[in-house]
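Peer 1: only geometry, no sequence info:
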Ligand SMILES: O=c1ccn([C@@H]2O[C@H](COP(=O)(O)OP(=O)(O)O[C@H]3OC[C@@H](O)[C@H](O)[C@H]3O)[C@@H](O)[C@H]2O)c(=O)[nH]1
């Protein structure tokens with residue numbers, strides 16, 4: 001009875017307490033289960049940041065393919081609409097060519113979004129102007145360096161007015177200093193008609209011009225691509241030519257200015273790679289045809305076309 005009384009007494013007292021000191025159980029927080037996370041974020045912030053960075057890295061390395069399945073075997077955006085903000089990566093979509101066929105990109109997709117500053121020597125020429133088109137569509141800023149020995153302004157006029165395009169009339173046998181990320185070196189007369197016209201200039205462009213562009217690549221830390229040619233195999237004794245084949249070239253013939261010029265350009269490219277750690281690529285381009293080729297440049301395909309038309 002006494003206990004009951006004291007309990008009633010206490011309850012009565014509690015009723016008279018001012019509201020502020022009245023006992024009330026902690027309000028139930030529906031988010032109580034977040035308490036451990038709050039502790040981690042407050043006390044173990046470094047651990048929390050490291051875990052976040054690890055998750056982001058795993059995501060970017062293994063992120064799903066950007067390519068939508070209906071692009072066919074290659075994710076090549078065919079219209080400018082696709083390329084307003086180009087993040088298209090050119091590789092076989094694994095769905096169509098099997099997972100083994102998908103190229104292993106060395107750079108996580110996310111980094112490909114950073115537009116590059118690119119110089120294209122010979123960019124007003126046949127091959128070079130198409131390369132300029134792709135680079136502009138990809139979102140890069142492009143500087144064309146060309147002396148218009150065989151190139152034409154018409155090949156690049158459609159880029160005039162684009163703030164990401166610049167054209168410099170310059171002969172690569174003279175040094176040039178440009179702050180760029182990539183160098184595509186195509187400056188050289190490619191057709192026999194043109195390089196036989198001035199063989200000394202042709203080999204000078206291939207040797208001194210390539211030397212200047214490699215020196216620029218080393219100086220600014222740019223990646224360098226040399227467009228070489230199937231002519232480095234000369235009059236090949238092996239068909240088809242494997243990349244490792246050294247060729248069969250006449251060093252004193254009327255075509256040697258081009259054949260030996262390009263071979264020397266390849267030698268210089270590899271020497272800068274081995275000796276100065278310049279990142280290089282060499283592309284040996286065989287007979288090419290398409291829009292903007294010169295119909296009278298004496299190359300085999302243009303000769304075929306010219307003969308058919310007459
Ligand atoms: O000294 C020179 C010679 C040539 N050039 C330029 O280099 C460009 C060469 O373009 P061309 O249309 O003559 O030749 P192509 O585009 O067909 O071949 C070019 O790219 C592929 C390479 O394998 C060839 O060696 C390269 O000449 C021209 O715009 C020409 O004006 C220079 O800028 N400097």
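Peer 2: Alright, I've got the coordinates. Note that the structure is a prediction, hence the values are computed from the model and not measured.

Peer 1: got a list of what the residue nearest to residue 270 when sequence neighbours are not counted touches?
Peer 2: Using C-beta to C-beta, 6 or more residues apart in numbering and skipping residues adjacent in sequence, the residue nearest residue 270 is residue 280, 7.2 Å away. Placement of C-beta: from N, CA and C, glycine included. Neighbour list for residue 280: 217, 223, 224, 225, 226, 269, 270, 272, 273 [criterion: C-beta atoms under 8 Å, 6 or more residues apart in numbering].

Peer 1: so what sits opposite residue 280 in the bridge?
Peer 2: Beta bridges link residue 280 to residue 224, judged by DSSP bridges.

Peer 1: that one and residue 196, how far apart?
Peer 2: Here residue 280 is placed at a distance of 29 Å from residue 196 (C-beta to C-beta, to the nearest Å).

Peer 1: and the strands in the stretch 101-250 of the chain?
Peer 2: In the stretch 101-250 of the chain, the segments counted as strands under DSSP state E, counting those that start in this stretch are 117-121, 141-146, 165-169, 182-185, 223-229.

Peer 1: can the second one be said to contact the ligand?
Peer 2: Going back to what we said before, that points to strand 141-146. Yes. Residues of strand 141-146 contacting the ligand under C-beta under 6 Å from any ligand atom: residue 146.

Peer 1: pLDDT of that strand, averaged?
Peer 2: Averaging pLDDT along strand 141-146 yields 98.

Peer 1: what helices or strands is it leaning on?
Peer 2: Secondary-structure packing of strand 141-146 (3 or more C-beta pairs under 8 Å, 6 or more residues apart in numbering; DSSP states H and E): strand 117-121, helix 126-137, strand 165-169.

Peer 1: ok so, going back, so can I have TSV of the strands of the stretch 101-250 of the chain showing mean neighbour count?
Peer 2: Listed next are these as TSV, based on neighbours: other C-beta atoms under 10 Å:
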stretch	mean neighbour count
strand 117-121	25
strand 141-146	25
strand 165-169	16
strand 182-185	24
strand 223-229	22
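
Peer 1: want to throw those strands into CSV with distance to residue 300?
Peer 2: Converted to CSV, these look like this (distance: least, C-beta to C-beta, whole Å):
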stretch, distance to residue 300
strand 117-121, 25
strand 141-146, 24
strand 165-169, 30
strand 182-185, 24
strand 223-229, 13
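
Peer 1: quick one, which of these is nearest to residue 57?
Peer 2: strand 223-229 (24.0 Å; C-beta to C-beta).

Peer 1: relative to the whole chain's centre, how far out is that closest one?
Peer 2: Between the centre of strand 223-229 and the centre of its chain there are 14 Å (C-alpha atoms, centre = their mean, to the nearest Å).

Peer 1: what's the mean pLDDT across that strand?
Peer 2: Averaging pLDDT along strand 223-229 gives 98.

Peer 1: that one to strand 117-121, inter-axis angle?
Peer 2: Relative orientation of strand 223-229 versus strand 117-121 (axes from the mean of the first three to the mean of the last three C-alpha atoms, to 10 degrees): 20 degrees.

Peer 1: can you tell if strand 223-229 touches the ligand?
Peer 2: Yes. Legend: contact between strand 223-229 and the ligand by C-beta under 6 Å from any ligand atom is shown at 227, 229.

Peer 1: what's the first helix or strand after that strand?
Peer 2: Where DSSP states H and E defines the elements, the next helix or strand beyond strand 223-229 is helix 256-276.

Peer 1: near the ligand, which residues of the stretch 101-250 of the chain show up?
Peer 2: So far as C-beta under 6 Å from any ligand atom goes, the stretch 101-250 of the chain lies against the ligand at 121-122, 124-128, 146-151, 171-172, 186-190, 205, 227, 229.

Peer 1: mark which of these are buried, thanks.
Peer 2: Among these, those that count as buried by neighbour count (16 or more other C-beta atoms under 10 Å) are 121-122, 124-128, 146-147, 149-151, 171-172, 186-190, 205, 227, 229.
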